[in-house]
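In: Here is my input; please provide its structure:
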Amino acid sequence: MKLSEPGLVCAATADELQTFGLAGAEVVEADRLWRIREGYAAVTGVGIPVTLLRLIPWLESLKPAWLLNIGIAGAYPDSGFNIGDVTVGVSEVFADIGMELPNEEAFTPLAKTPFADPLLQTPLALEIPDWVRESEAPLRVRLGRGATVNSCTGRAGTGLLRRELFGADFESMEGAALALAATVRRIPMFEVRSISNIASDRDMRPENIQAALRSLRTFWEARRSQLS
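Out: Purely as a prediction, here's the structure:
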């Protein structure tokens, strides 16, 4: 992964992107795209559709050598993650594309059907920079498997089912969209997220979101120099 070459740092929202640091960044597109010392930083918007809609033209015009996705995420029950932990993704999968079955809590992922595109039959592998290490202090950092959804988990049964089906540790609404685009274009991608909630019975207290954003900011204050 040639991090010495210009890359593209993406987040779904401005608050998430600000944890990376935009001081002194040059505005390229108002409220959307900036030039930074590592290349570019961008706000994609929330969700798979707008992420792909905005990302693909940027990949065409900016031609980044690598892609970084940052933001907050929900941790699945029994994943071992806590609020404020940082997770570095090892893979991503689309976790709610498939068929619902009539029995309770039943779902068949598209990947398990014979007509699934080969790109979606297995999780999309992500890069893990050699400077990333799991740690307990000063910030708890863990490797984890990501799941990307159109509808965030709001019930315990959904969180447990998604973890069982995909072996995932955390969920977001954008990760696999970026991973898919990066895979097709053969661009190395890595993902760093901080846990803002447990993906079970819905609990999105503002203080937990702020704790996750603080952790992500702390991570990049210590690690951003590794990207350039």
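In: So Arg35: helix, strand or coil?
Out: Three-state call for Arg35 (DSSP: H, G, I helix; E, B strand; the rest coil): strand.
In: what do you get for Leu180?
Out: With three-state DSSP as the basis, Leu180 sits in helix.
In: Then Ile209?
Out: Following three-state DSSP, we place Ile209 in the helix state.
In: Would you check that it makes contact with Ala73?
Out: No: at 11.0 Å, Ile209 does not count as touching Ala73 under the criterion of C-beta atoms under 8 Å. No exception for glycine: its C-beta is placed from N, CA and C like everyone else's.
In: Each with direction, which strands does the helix or strand where Gly74 lies pair with?
Out: If you go by DSSP states H and E, Gly74 is part of strand 67-75. Using DSSP bridges, strand 67-75 pairs in its sheet with strand 7-11 (parallel), strand 170-172 (antiparallel), strand 189-198 (parallel).
In: Can you name the residues that contact Arg35?
Out: Arg35 sits next to 25-26, 28 when contact means C-beta atoms under 8 Å, 6 or more residues apart in numbering.
In: Quickly name whichever of those is closest to Ala199.
Out: Closest approach between those and Ala199, by C-beta to C-beta: Ala25, at 32.1 Å.
In: Check the closest one and give its pLDDT.
Out: The per-residue pLDDT reported for Ala25 equals 93.
In: Setting aside sequence neighbours, what's the nearest residue to it?
Out: Distance criterion C-beta to C-beta, 6 or more residues apart in numbering; nearest residue to Ala25, sequence neighbours excluded, is Trp34 at 3.9 Å.
In: Bridged to the one you found, which residues?
Out: Beta-bridge pairing for Trp34 (DSSP bridges): Val27, Ala41.
In: rewinding a little: Ile209 and Ala73 - which one has more neighbours?
Out: Ala73 (31 against 17; other C-beta atoms under 10 Å).
In: wait, the more buried one sits on Ser172?
Out: Yes: at 4.7 Å, Ala73 counts as touching Ser172 under the criterion of C-beta under 8 Å.
In: what touches both of the two?
Out: With C-beta under 8 Å, 6+ apart as the test, Ala73 and Ser172 both reach 146, 193.
In: what about Pro129, neighbour count?
Out: For Pro129, the count of nearby residues is 17 (other C-beta under 10 Å).
In: quick one: it and Gln226 touch, right?
Out: Yes: at 6.8 Å, Pro129 counts as touching Gln226 under the criterion of C-beta under 8 Å.
In: Report the beta-bridge partners for the nearest residue to Ala176 once chain neighbours are set aside.
Out: Distances taken as C-beta to C-beta, 6+ apart put Thr148 closest to Ala176, at 3.5 Å, once the chain neighbours are dropped. For Thr148, the beta-bridge partners are Phe94, Ser172 (DSSP bridges).
In: so where's the protein shaky on pLDDT?
Out: Residues of the chain meeting the criterion pLDDT under 70: 1-3, 104-105.
In: Strands of that one, start to end?
Out: Using DSSP state E, the strands of the chain run over 7-11, 26-29, 33-36, 39-43, 67-75, 86-94, 98-100, 107-109, 124-125, 141-148, 170-172, 189-198.
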